[in-house]
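Student: output the structure for:
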Amino acid sequence: MALTCFKCQSELPDSLKIMVTRREVCPKCMSDLRSCKMCVHYDPRSYNECRETSADRVQDKEKSNFCDFYKIHDRSIDPNKVKEDLLAKANALFKKD
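Tutor: Sure, this is the predicted structure:
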């Protein structure tokens, strides 16, 4: 699974995984990519729709913003696999002989 736009679901260039400037837009629908809806911390069920408690409130979640905590949400990363990997590393670190 590749990096996709939150609005039109079109595939985005892999170069965006490294850095997203405030002016980056989706080539297909022209939606802002440095927006809350493209951030890993975005969660509509959380307070202010953000899991980052120190972040400033952003009114329009689809518009570009200056959030210091912004990190693009790479949907190609399986959260279950990441959790399993971290658990395996922790178990290996604290392994009893």
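Student: ok, F6 - contacts?
Tutor: By Cβ atoms under 8 Å, 6 or more residues apart in numbering, the contact list for F6 reads S31, S35, K37, M38, E62. (C-beta placed from N, C-alpha, C; glycine too.)
Student: can you give me the helices in the chain?
Tutor: Under the criterion DSSP state H, the chain contains helices at 79-93.
Student: which regions of it lie under the pLDDT threshold?
Tutor: Within the chain, the segments meeting pLDDT under 70 span 1, 75-82, 96-97.
Student: now do 50
Tutor: The model of the chain has no residue with pLDDT under 50.
Student: one step back: which of the contacts of F6 are buried? Put it as a PyMOL command.
Tutor: Selection of buried members from those for PyMOL, criterion 16 or more other Cβ atoms under 10 Å:
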select buried, resi 31+35+37+38
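Student: and the contacts of F6, which is closest to A2?
Tutor: Set against A2, the nearest of the contacts of F6 by Cβ to Cβ is M38 (13.6 Å).
Student: wait, that closest one sits on K71?
Tutor: No - between M38 and K71 there is no contact under Cβ atoms under 8 Å: 9.5 Å.
Student: ok so, going back, need the contacts of F6 in a markdown table (columns: distance to L86).
Tutor: Shown next, in a markdown table, are these (distance: Cβ to Cβ, whole Å):
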| residue | distance to L86 |
| --- | --- |
| S31 | 32 |
| S35 | 28 |
| K37 | 26 |
| M38 | 24 |
| E62 | 32 |
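Student: do you know how far C39 is from L93?
Tutor: Computed with Cβ to Cβ, to the nearest Å, the distance linking C39 and L93 is 30 Å.
Student: I meant to write C50 there.
Tutor: Counting by Cβ to Cβ, the gap from C50 to L93 is 31 Å.
Student: likewise Q59?
Tutor: For Q59, the distance to L93 (Cβ to Cβ) stands at 43 Å.
Student: equivalent analysis for K63, please.
Tutor: K63 is 42 Å from L93, by Cβ to Cβ.
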